[in-house]
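**Q** Sequence and computational prediction follow.
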Amino acid sequence: MPGPCGAHAAHEPVITRFVPGSLLVIGVLALLACAPSADPAGTSAARPAAAEVAPATKTLVMISPGELPSFADKQILPAGAAVTTRMRGKEIVNAKLAFRDEQGLPFPVLAETLPELNTPTWRVSPDGTMETSYRLRPNLTWHDGQPITAKDWVFAWRVYATPEFGVARTGGFRLLDEVMAPDPRTVVLRWRQPYPLAVEEVDILPPLPRHILEQPFGQLDPDPFMSLPFWRDEYVGAGPFKLERREPGAFFEASAFAGFVFGRPRIDRVRIIYIPDTNTGIATLLSGEAHFYMESSLFGEDGIVIERQWSADRGTVLYEPISPRAMGIQQRPEVAVPPELATDVRVRRAVAYAMDREELLEVITAGKGLLRDVYTHPHADYYETVLRAVPVRYRYDARRAQQLLEEAGFGRGADGTWLTPRGDRFTLEQWYIGGASNERESNILVAGWRRFGIEATSHLWGVQRTSAEERSKTSGIFGGSHNVDDFHSRDIARPETRWTGSNRYGFANREYDRLVEAWEATLDRTERIQHLAQMERIVMEELPAIPLYYNPRVIAFAAGLKGVASKLVDDGGIERKLWQWEWQS
């Protein structure tokens, strides 16, 4: 979740770096700044010529657990399609106005500089509207050699604002009122209201190649437009690598782009292979057939498995305890089983008290994670402010869980199993997305609930259900990430949004909505923290989801691969400056 300064700028997660075999803690880093960082590549002037860096010929093989339905930096999907954070690779072929660095702070990429508040580049008008302006770097080109101009952002706004694509109402994009190009190198974003994350939310408006897509966009209906070969087999981006070959369900290959804004990457070619099974992926990495395991793929004890097999000279494992885990709870009474799960908060609280989150933390994260009592990261500098506003802690307490169920009219059957007020068995479905850690998490949760007397069952998502609509209508509890600003009623997954939206399971609370809107529109940091603390209070009392822990994402890469940047905060620096990576001979 973006912090009050934006982009997790207030988070200070403890990050440890381990060299396989030694488990030596190299450093503890703190995120202390809220201001945009300088260009980390030192490329504010002209980018280096392609000849300055001699590319290595060895292909870098990277493992992704899933295949992207589209290479677009901002996904537009056909009805029913779904994309998860486990699908990686779009960062290979895309570039935008800004990226995030390892601390989650934005730095300019296609833009020369970033807008600064109370300057001509970031102005708030008396009528409550706002403008942010970007000056593009000179001589930018798409992968096909065509120039990138400000009109590519104007066109992208037209595309993403089309309601049928399911993007128009998401994130900060919904606050954009107009995008203008007063000249070929100036992009102006006009906002309906003040938005403190206008610069930090770097994914709001990535560009699209107008010279390729403008004609079909004007001629085709949404579904045929989304089905164009461009999105999958003929993609043209502006990232460090350009798409060369795609084998559906197997891999894609990309080559170094000499016209990339920061210069030609030092590695000549990359291949991203799709391995959904974690054990198979680890075996592939250990065999030397792959060199880098992409983020959001491995967690906790997966890193221990690799460390045990790798000697100190075979590779590196990084632990980043930043991946939030939570259990989303179905809020639609017509779908929830039992319906009291949606209609009676006492039932949701009982389910939370019957969960042993400390056991989950130890088993799933191998002791390298952090407990998640609230949504705010424990190392945020405003964490204590949030805790003071949130009096409840859902630590394991079977007696409290029993008391709450009895107050809600539930009772015990002859065999000790809980019965609903109608006399039915209290059944609870727990769903999870494939992966060894998620499966273990589900098994631990279900075993604990069954010991307490709830007839819980574990279900792998994707075996029989796959669509976004089906996921939004799951009857019980679904494992995911969930952040404190996910639950505004405008973000409820609905047919008109193609069942996209962060508020997947239909939570609605007017006071919470008001606080989110104030938090999004307030530029003063102190006020934003107060709004955030009250948002935390409501969601922890009403429980649209149950926060669990921060799982350490594991990044593993082979010896000889140099320049991989450690990522310190969630959603920060997913590109990991891959244009700077190189093989050490």
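**A** Ah, there it is.

**Q** any low-confidence regions in this protein?
**A** Within the chain, the ranges that satisfy pLDDT under 70 run 1-57, 77-87, 463-465, 567-572, 585.

**Q** Tell me which residue of the chain is furthest from the middle?
**A** In the chain, counting by CA atoms, centre = their mean, residue 414 sits farthest out from the average C-alpha position, at 45.3 Å.

**Q** Can you classify residue 483 as helix, strand or coil?
**A** State at residue 483, reduced to three classes by DSSP: H, G, I helix; E, B strand; the rest coil: coil.

**Q** The residue farthest from the centre of the chain: what secondary structure?
**A** Of the three states, residue 414 takes coil under three-state DSSP.

**Q** I'd like to know how far it sits from residue 213.
**A** According to CB to CB, to the nearest Å, residue 414 and residue 213 sit 65 Å apart. Heads up, the C-betas are built off the backbone N, CA and C, glycines and all.

**Q** Residue 148 now?
**A** Taking CB to CB as the measure, residue 148 falls 14 Å from residue 213.

**Q** thinking residue 294 is in contact with residue 88, fair?
**A** Yes. With contact defined as CB atoms under 8 Å, residue 294 reaches residue 88; the gap is 4.3 Å.

**Q** between the two, which one's more packed in?
**A** Neighbours per residue, other CB atoms under 10 Å: of residue 294 and residue 88, the larger number sits with residue 294, 25 against 22.

**Q** OK, contacts around the more buried one?
**A** Listed by CB atoms under 8 Å, 6 or more residues apart in numbering, the contact set of residue 294 reads 62, 63, 64, 65, 88, 89, 272.

**Q** Sticking with it, tell me its helix or strand.
**A** Assigned by DSSP states H and E, residue 294 falls within strand 292-299.

**Q** from the chain's centre, how far out does that strand sit?
**A** Distance of strand 292-299 from its chain centroid, counting by CA atoms, centre = their mean, to the nearest Å, is 13 Å.

**Q** Follow the chain on from that strand and name the next helix or strand.
**A** Using DSSP H and E, the helix or strand that follows strand 292-299 towards the C-terminus is helix 301-309.

**Q** And that following helix, what's buried?
**A** Buried residues in helix 301-309, counted by 16 or more other CB atoms under 10 Å: 301, 302, 303, 304, 305, 306, 307.

**Q** close enough to count as contact, the last one and residue 317?
**A** Okay, so that is residue 307. Yes. Under the criterion of CB under 8 Å, residue 307 makes contact with residue 317 at 5.4 Å.

**Q** How about the secondary structure of residue 422?
**A** Per three-state DSSP, residue 422 ends up coil.

**Q** before we move on, could you check phi and psi at it?
**A** Backbone torsions of residue 422, given as degrees, to the nearest 10, read phi -90, psi 0.

**Q** could we number from 49 for the rest of this?
**A** With the count now opening at 49, the last piece we talked about shows up as residue 470.

**Q** how many neighbours does it have?
**A** Residue 470: 9 neighbours (other CB under 10 Å).

**Q** Over to residue 608?
**A** Residue 608: 15 surrounding residues under other CB under 10 Å.

**Q** Tell me how far it lies from residue 312.
**A** The gap separating residue 608 from residue 312 is 20 Å, by CB to CB.

**Q** go on, residue 424?
**A** Distance, residue 424 to residue 312, by CB to CB: 41 Å.

**Q** Give me the more crowded residue out of the two.
**A** A direct count of neighbours by other CB under 10 Å for residue 424 and residue 312 places residue 424 higher, at 28 against 22.

**Q** ok, the more buried one - contacts?
**A** Per CB under 8 Å, 6+ apart, neighbours of residue 424: 49, 430, 431, 434, 532, 580, 584.

**Q** Which of those residues ranks first by neighbour count?
**A** The most neighbours of any of the contacts of residue 424, using other CB under 10 Å, belong to residue 580, which has 29 neighbours.

**Q** need the contact list for the closest residue to that one other than its chain neighbours.
**A** Closest residue to residue 580 apart from its sequence neighbours, by CB to CB, 6 or more residues apart in numbering: residue 567 at 5.8 Å. Applying CB under 8 Å, 6+ apart, we find residue 567 in contact with 533, 576, 579, 580, 583.
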